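predicted model, plus sequence, below.
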Amino acid sequence: MESEAEKTFHRFAAFGESSSSGTEMNNKNFSKLCKDCGIMDGKAVTSTDVDIVFSKVKAKNARTITFQQFKEAMKELGQKRFKGKSPDEVLENIYGLMGGKDPATTGATKATTVGAVDRLTDTSKYTGTHKERFDESGKGKGTAGREEMTDNTGYVSGYKGAGTYDKKTK
């Protein structure tokens with residue numbers, strides 16, 4: 001059970017930190033772990049309790065905790081969460097809550113497609129110069145649709161006899 005909790009610790013320790021090796025956890029990720037795994041219930045264990053316990057177990061000038069310090073923190077939070085149980089029983093319950101959990105990304109920004117967005121992004125309804133930027137299927141033409149492309153043939157624009165010089169001289 002402890003190995004499963006250690007895997008969860010490492011997943012949360014590395015979450016959101018590209019430079020993190022996953023061996024030490026900061027306060028933000030510790031709070032996230034407690035919330036996502038259900039250790040923080042809002043009644044017996046609040047976010048304030050989690051912050052206080054984190055500050056207690058970390059080294060004086062450190063900003064992170066190791067797995068060993070994390071286990072001490074879980075014992076302390078477990079005593080609050082599961083009152084009247086033995087320390088071993090409390091740890092088993094805490095590890096049970098943590099089993100197989102991953103950091104959740106709920107509430108992450110999603111693209112909305114409500115009525116106005118659909119109407120504004122429908123290229124078939126575009127008019128004027130904007131219409132020229134898309135082909136019939138609605139796919140963008142790239143620079144060909146944005147810039148007036150010049151033909152570098154050497155003839156003046158509007159000249160109807162372009163390309164006929166060679167035919168006349170022969």
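Yep, it's here. Numbering: from 1, shown residues only.

residue 104: neighbour count?
Residue neighbour count, defined by other Cβ atoms under 10 Å, stands at 12 for residue 104. C-beta: built from backbone N, CA, C; applies to glycine.

right, and it touches residue 36 too?
Yes. Contact criterion Cβ atoms under 8 Å: residue 104 and residue 36 qualify, at 5.1 Å.

can you give me the helices in this protein?
If DSSP state H is used as the criterion, the helices of the chain fall at 2-14, 27-36, 47-57, 67-81, 87-98, 115-120, 128-131, 143-146, 165-169.

which stretch in those helices is the model least sure about?
Taking the average pLDDT of each of the helices of the chain, the minimum falls on helix 143-146, with a mean of 68.

which residue ranges make up each domain of this protein?
Per the TED database, the structural domains of the chain span 4-98, 115-145.

point out the most buried one among these.
Most buried of the domains of the chain by mean neighbour count (mean count of other Cβ atoms under 10 Å) is domain 4-98; its value is a mean of 17.

end to end, how far does that domain reach?
End-to-end distance of domain 4-98 (Cα to Cα, to the nearest Å): 8 Å.

please tell me how far residue 129 sits from residue 148.
Note on residue 129: its distance to residue 148, by Cβ to Cβ, to the nearest Å, is 10 Å.

rewinding a little: list just the one of the helices of the chain that sits closest to residue 154.
Among these, helix 165-169 comes nearest to residue 154, with 9.9 Å by Cβ to Cβ.

could I get the phi/psi values of residue 22?
Backbone torsions of residue 22, given as degrees, to the nearest 10, read phi 90, psi 10.
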